[in-house]
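# below are the sequence and a predicted model; questions follow.
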Amino acid sequence: MPRHSLVAIIPLLCAFSLPASAENAVDATTFTCAELAEVDASGSDSDHFGGAALLSWMAGYHATEDQGTVVDFDGLKEDIQRTVEFCKKNPRIGVYTASEKFMGENATEASSEAIDLATIKCQRIVDTADSNDNEGLGIILMWLAGYYASYAGDKMIDFDKLKTEGYEIGKACAQSRETGLVTVADKFMQRE
């Protein structure tokens, strides 16, 4: 097993601080734009990562059938920034509602740099974990968690479940590096 694995990023995901996220499971629709604007203004790297992780979850949730598992991470950064800027101007709106304006069918059009997560093999994930790109892996896992949650219509973000799923995905990827990431995620993240 590699020195570092996907498992290492899960505590980062659970530690990010949005003011209303003291519970282990929260309804994604309860985060307000005022909270997101506060996180953005904090200057804390972990707060910024937490905000990006939350919005990545929402981007996965809003992904359309046509988009599938294709993610343009540069476009995602742009959509996240547009959502944050919108939230700063509209603090009384929910982040979920704001994110709908800039994600899903309203997302930045995918460029030639877009990646279909269904084509990524576990080896690439293990290599990324070994390179200590924990934030990049965190964003991918959060996007996938939102993507799978949308199929179940489940707007709850359960941090304990994410921790368990991340651990299981990391372990499975380390043991079967030629398997596709989405194939592994299907086993652990798919909702009924």
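Sure thing, it's come through. Numbers count the residues shown, from 1 in each chain.

# and the most centrally placed residue in the chain, helix, strand or coil?
By Cα atoms, centre = their mean, the chain has its centre lying nearest to M142, at 2.2 Å. Here M142 is helix, with the state taken from DSSP: H, G, I helix; E, B strand; the rest coil.

# wouldn't it be in contact with G50 here?
No. Look at M142 against G50 with Cβ atoms under 8 Å: they stay out of range, at 10.0 Å. Heads up, the C-betas are built off the backbone N, CA and C, glycines and all.

# circling back to that earlier point, report the contact partners of the residue nearest to the centre of the chain.
Applying Cβ atoms under 8 Å, 6 or more residues apart in numbering to M142 gives the contacts L13, A53, L54, S56, W57, G60, L162.

# ditto for R82
K101, F102.

# run the last query once more with 6 Å
Applying Cβ atoms under 6 Å, 6 or more residues apart in numbering, one finds that R82 lies in contact with F102.

# please tell me how far it sits from S112.
Using Cβ to Cβ, to the nearest Å, we find R82 at a distance of 21 Å from S112.

# now S56
S56 is 21 Å from S112, by Cβ to Cβ.

# looking at the two, which one has more neighbours?
Per other Cβ atoms under 10 Å, whichever of S56 and S112 has more neighbours is S56, with 27 against 5.
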